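**Student:** Provide a 3D model corresponding to the input given below.
(one chain, ligands or ions: 1)
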Amino acid sequence: MWSILSQAAQFLWPVAITLFLIKLYQWWEFPHARFPPGPRGIPYIGSPISNTKLRSEVIKDMEKTYGPVIGGKLMGINTVVLNRFQDIHDAFTKQGSVISDRPKMHVLNDVNQGYGLLEKNYDATCKVHRKFGSSFFKGFLCSAMKIEDISANESRYFIEELMKQAPGVPIDLRPKFYNITANVISRITLGRRFDYDDPTFKKIVKASTEALGDAKDMKLMFVCMVFGVLRYVPPFRYAYQRYLAMHQEILDFIEQKIDEHKENFDPNDVKDFIDAFLKQQKFGPIKYQPHFNNAELRGFVKDLFFAGTETSSNTLSWAVAILLHNPEYMEKMQKEIDSVLGPDEPLTLSHRDSMPMSCAIIQEVMRYRTLVQLGVPHTTSKDVDFKQFCMPKNTIVNANLWAVHNNPELWDKPHEFNPHRHLDENGHFVASPYVIPFGIGLRRCLGERIAKTGIFLFLTSLLRYFTLLPDPTAKKLPEIDSGVQLIVYSPFVYKVVLQKRLQN
Ligand code: HEM
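**Tutor:** As a prediction, this is how the structure comes out:
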């Protein structure tokens, strides 16, 4: 008996090792003869990605060896990165119907359970919700609520809050930026703003800006995102449970607000996003009604907080850091603001047309420090022929927005901060089609208008009332050549001194 078993074992070992090697090779091998070229990297793990250099910059550098469409495997998943504007445009617009799904990440899915827009495949509900959201943000479904008025109103609270700061004491503006951007979304979706120290509001802001938990939990959660099974194993499990509880609390809060809206619902008086959604639920075309259920509404509202708070506020944080390095542009902006506005005249969005330098500075900030460097990942919904390549079904497709913003064929000396590149010979602002921080195509950012309105009104208000000075206790100016690289690229924490120019 033993001798038979040992003979079988002698035979089985080489078979097992061969099978293992075949499996390993399959992880490593490219999935299709026409899969885009790129580094094969380590089996399973995929291409090693530098931690010291920007991921987007490393991938752009690979262009010299492999060309602008780069293929590889990350954690065993077929991944393609597009480095050129035209390729991103063609993939997400012309072939958008088959390259607009989203990859499934257990950790994110466990919170939203497939509801909400961000993680949805490009299915019927996604299309209906995008159409609804975009009409709503343009003001078509709720004429009483204007995004510019909401942002202008919030900027007054913002300035009032800053006026209370002790003179000369360095402060971190980032939490203030979180508050104002989250309050704009709150006013749009829930119909109300909060005091900045309201405990519920603080929880919303925390869940929206520390979506994976505090710094300690975030590291563990990042590992869980890649190796989903670890979320059941301590110490990852504890971080995961805290993460779920934090998000569940916000979802419950939104649910409670939806119930309150239902109680007071008047179809002739749509006051906010929830009301507009409920109106579609009750009175919209029958064929669309299944897409307008409560779980979707809850997920959609949560996504708006999540997608809108960290992005806009970090753009403002980069803007302030960059202006501290380039005080001549701060001065130009202030001169422009003073020349357009009388001392007591309220700032509105309509003033933007008379402020080309401010618009150029904001557009250059968005180019110079690309916020979502590799975009939000898309996936292919079937095998897709793209240029001379084939991207099999479920391939992750990333748009390297950073590479477009730093392409020397599009920009002269792209590594320099130069707002003048966005002004024509008459000093008029030129909106560039190649500045694409919001992505392009069928999944393009839904909040672009909200973001651009808020960033303009908040930054111009800030510079109208204050001159920003470096923190005298810091050894150097805020770092602008590197930052924290997660999905959003944010500056390291820094402080700034506010010197009053005007009284509120
Ligand atoms: C500077 C600020 C912002 C930047 C740079 C930004 C950038 C982006 C990017 C790159 C995407 C992915 C596009 C794609 O998949 O191809 C996206 C998606 C999205 N953004 Fe923004 N965003 C900003 C602000 C906002 C705001 C203020 C909101 C809402 C209040 C918002 C809501 C969304 C939503 C809902 C999506 C998902 C769209 C979908 O999956 O179909 N974003 N954003």
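**Student:** go through the helix or strand harbouring M246 and flag the buried ones.
**Tutor:** Element membership for M246 (DSSP states H and E) is helix 236-263. The neighbour-count check on helix 236-263 (16 or more other CB atoms under 10 Å) flags 236, 239-240, 242-243, 246-247, 250-251, 253-254, 257-258, 261 as buried. Where you see a C-beta, it was placed from the backbone N, CA and C, and this is true even at glycine.
**Student:** what sits closest to the residue in the chain that the ligand sits nearest to if chain neighbours are left out?
**Tutor:** Nearest to the ligand, among the residues of the chain, is G447, at 2.0 Å (CB to the nearest ligand atom). Nearest non-adjacent residue to G447, counting by CB to CB, 6 or more residues apart in numbering: G308, 4.9 Å away.
**Student:** K279 now?
**Tutor:** P267 (5.3 Å).
**Student:** for that neighbour, grab the count of nearby residues.
**Tutor:** 10 (other CB atoms under 10 Å).
**Student:** how about the one 3 residues further on?
**Tutor:** Using other CB under 10 Å, V270 has 21 other residues around it.
**Student:** same check, this time on L374
**Tutor:** Count around L374 with other CB under 10 Å applied: 21.
**Student:** sec struct for it, please.
**Tutor:** Under DSSP: H, G, I helix; E, B strand; the rest coil, the three-state class of L374 is coil.
**Student:** quick check, it in contact with A399.
**Tutor:** Yes. Because the distance of 7.1 Å satisfies CB atoms under 8 Å, L374 is recorded as touching A399.
**Student:** between those two, what contacts are shared?
**Tutor:** V81 (CB atoms under 8 Å, 6 or more residues apart in numbering).
**Student:** please list the residues of the stretch 251-400 of the chain that sit near the ligand.
**Tutor:** 303-304, 307-308, 311-312, 315, 371-372, 375-376, 378 (CB under 6 Å from any ligand atom).
**Student:** need the residues you listed in a markdown table (columns: neighbour count and secondary structure).
**Tutor:** Converted to a markdown table, these look like this (neighbours: other CB atoms under 10 Å; DSSP: H, G, I helix; E, B strand; the rest coil):
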| residue | neighbour count | secondary structure |
| --- | --- | --- |
| D303 | 22 | helix |
| L304 | 24 | helix |
| A307 | 22 | helix |
| G308 | 23 | helix |
| T311 | 21 | helix |
| S312 | 27 | helix |
| T315 | 25 | helix |
| L371 | 22 | coil |
| V372 | 21 | coil |
| G375 | 27 | coil |
| V376 | 16 | coil |
| H378 | 28 | strand |
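**Student:** kindly reformat the residues you listed as CSV containing pLDDT and distance to L463.
**Tutor:** Shown next, in CSV, are those (pLDDT from 0 to 100; distance: CB to CB, whole Å):
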residue, pLDDT, distance to L463
D303, 94, 31
L304, 96, 27
A307, 94, 26
G308, 94, 23
T311, 96, 21
S312, 97, 17
T315, 98, 15
L371, 96, 20
V372, 94, 25
G375, 94, 30
V376, 94, 31
H378, 97, 37
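**Student:** still on that earlier bit, any buried residues in the helix or strand just after the helix holding M246, and which?
**Tutor:** Proceeding N to C from helix 236-263, the next assigned helix or strand is helix 273-283, under DSSP H and E. Residues of helix 273-283 classed as buried by neighbour count (16+ other CB under 10 Å): 273-281.
**Student:** can you pull out the residues in contact with helix 273-283?
**Tutor:** Contacts of helix 273-283 (CB under 8 Å, 6+ apart): 132, 136, 141-142, 188-191, 257-258, 261-262, 265, 267, 269-270, 288-289, 292-293, 297, 300-301, 304.
**Student:** equivalent analysis for stretch 345-352, please.
**Tutor:** Against stretch 345-352 from outside (CB under 8 Å, 6+ apart): 148, 151-152, 155, 337, 340-341, 358-359, 453, 456-457, 460-461, 464.
**Student:** wouldn't T315 be in contact with I455 here?
**Tutor:** Yes. T315 sits in contact with I455 when judged by CB under 8 Å, with a separation of 5.6 Å.
**Student:** strands of this protein, start to end?
**Tutor:** Listed in chain order, the strands of the chain (DSSP state E) span 69-74, 77-82, 378-379, 384-386, 389-391, 396-399, 466-470, 484-485, 489-490, 496-500.
**Student:** okay if I get those strands as a markdown table plus distance to P419?
**Tutor:** Listed next are these as a markdown table, based on distance: least, CB to CB, whole Å:
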| stretch | distance to P419 |
| --- | --- |
| strand 69-74 | 31 |
| strand 77-82 | 27 |
| strand 378-379 | 31 |
| strand 384-386 | 35 |
| strand 389-391 | 37 |
| strand 396-399 | 24 |
| strand 466-470 | 16 |
| strand 484-485 | 25 |
| strand 489-490 | 20 |
| strand 496-500 | 20 |
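**Student:** ok, the buried residues of helix 273-283 vs A124, which is closest?
**Tutor:** Taking CB to CB as the measure, Q280 is the one of those closest to A124, at 14.3 Å.
**Student:** do you know how far P356 is from L423?
**Tutor:** Distance from P356 to L423, counting by CB to CB, to the nearest Å: 6 Å.
**Student:** the two: which is more packed in?
**Tutor:** P356 (19 against 16).
**Student:** just name the shakiest helix or strand of the chain by mean pLDDT.
**Tutor:** helix 2-28 (a mean of 70; mean pLDDT, DSSP states H and E).
**Student:** coming back round to it: among the contacts of helix 273-283, which ones are buried?
**Tutor:** Judged by 16+ other CB under 10 Å, buried ones among the contacts of helix 273-283: 132, 136, 141-142, 188-191, 257-258, 261, 265, 270, 288, 292, 297, 300-301, 304.
**Student:** quick revisit: so which of the contacts of stretch 345-352 is surrounded by the most neighbours?
**Tutor:** Neighbour-wise, those (other CB under 10 Å) top out at S151, 29 neighbours.
**Student:** no more questions from me, cheers.
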